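>>> no letters, just coordinates:
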DNA sequence: AAACATTCCTGCACGC
DNA sequence: TGCGTGCAGGAATGTT
């Protein structure tokens, strides 16, 4: 479930753990992740020292000395796990694809059961041009946008607002859980067309995007199934979810059963009462042929 | 055992 | 009719 709050939680913990630490050696599993083979990583990481980690959307940028960056994405089930010097890593862990041993005895491992994650070392100067990052939209915490800006970005879009929020080219970092939560809190029907939302609806969406993300970060993210922090602990925001994974259960605001629908192949949860659709014109594109 | 948090790629449909 | 864009669906994989 790593979406922005989960990745940011891991980043903040990495910021306390890795800067200044030097890699003694790195080992990789034989398996490849979704994007690439890992065979070059041990050589690329050897003797490098980690700097302050950064994040853009759901991507982690682990800067190294010498002008390189370890670019990482957690995919569905990726985890970064850390042990300080003197603490033995759990040798029984399975699906560990990268094991970094630091010179001072600390350890940093990347575990990914489903292997949808990404690990790549590339020159820091080339990051902005890399295909993975080039198309990302603004990060909603680093560069929050107001309702008018979001509305302008969505002008003409005929896709639903839920699917629009999931598009990483528009906003970098929202995933399936928080898209549903944002729309519930904004009182917007997830089926409405993004290009048709009025300014007031966009204003509420723009307010709730950073609000939901910050509240989740404060609780170290949502553990829906596999996400863990750097210390292998679950996040606590799941208890605060208002609609996600609550199909059939009463809306916490009005009691109406929460509905589950599928949009673009993914589950959407919403309250049909609190997020009522404005009546839409039956013909979205009025014909002008006869007046 | 159907569903699944992620991104990427394909192919279709639409608008100009 | 042709071209570019936007969008839906499927794939990748292992677990519950």
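Perfect, thanks for sending it. All values reported here derive from a predicted model rather than from experimental measurement.
>>> who's in contact with the helix or strand where residue A:25 lies?
If you go by DSSP states H and E, residue A:25 is part of strand A:23-28. Residues outside strand A:23-28 that contact it (C-beta atoms under 8 Å, 6 or more residues apart in numbering): A:38-39, A:41-42, A:45-50, A:97-103. For every residue, glycine as well, the C-beta is placed using N, CA and C.
>>> tell me which residues of that strand are tucked away?
Buried residues in strand A:23-28, counting neighbours by 16 or more other C-beta atoms under 10 Å, are found at A:23-24, A:26, A:28.
>>> show me which of those residues neighbour DNA strand B.
Applying C-beta under 7 Å from any atom of the strand, the subset of these adjacent to DNA strand B is empty.
>>> need phi/psi at residue A:20.
Dihedral pair for residue A:20: phi 90, psi -10, per degrees, to the nearest 10.
>>> circling back to that earlier point, elements contacting the helix or strand just after the strand holding residue A:25?
Downstream of strand A:23-28, the first helix or strand assigned by DSSP H and E is helix A:41-45. In this structure, helix A:41-45 packs against strand A:23-28, strand A:118-123, with contacts taken as 3 or more C-beta pairs under 8 Å, 6 or more residues apart in numbering; DSSP states H and E.
>>> distance of residue A:221 from residue A:206?
Using C-beta to C-beta, to the nearest Å, residue A:221 is found at 22 Å from residue A:206.
>>> who has more neighbours, these two?
residue A:221 (28 against 22; other C-beta atoms under 10 Å).
>>> pLDDT value on residue A:276, please?
Residue A:276 is assigned 86 on the pLDDT scale.
>>> that one: which element?
Residue-wise, residue A:276 maps onto no helix or strand under DSSP H and E.
>>> pretty sure it is touching residue A:190, no?
No - counting by C-beta atoms under 8 Å, residue A:276 sits too far from residue A:190 to count as a contact (11.6 Å).
>>> show me what residue A:121 is bridged to.
Beta-bridge pairing of residue A:121 under DSSP bridges involves residue A:70.
>>> got a list of what it touches?
Counting by C-beta under 8 Å, 6+ apart, residue A:121 touches A:40-41, A:44-45, A:64, A:68-71.
>>> buried subset of the residues you listed?
Judged by 16+ other C-beta under 10 Å, buried ones among the contacts of residue A:121: A:41, A:44-45, A:64, A:68-71.
>>> going by distance to DNA strand C, which of these wins?
residue A:71 (17.9 Å; C-beta to the nearest atom of the strand).
>>> which residue, neighbours along the chain excluded, lies closest to the residue of the stretch 151-291 of chain A found nearest DNA strand B?
Closest contact between the stretch 151-291 of chain A and DNA strand B, by C-beta to the nearest atom of the strand, is at residue A:175 (1.6 Å). Once flanking residues are discounted, residue A:175 sits nearest to residue A:3: 3.4 Å by C-beta to C-beta, 6 or more residues apart in numbering.
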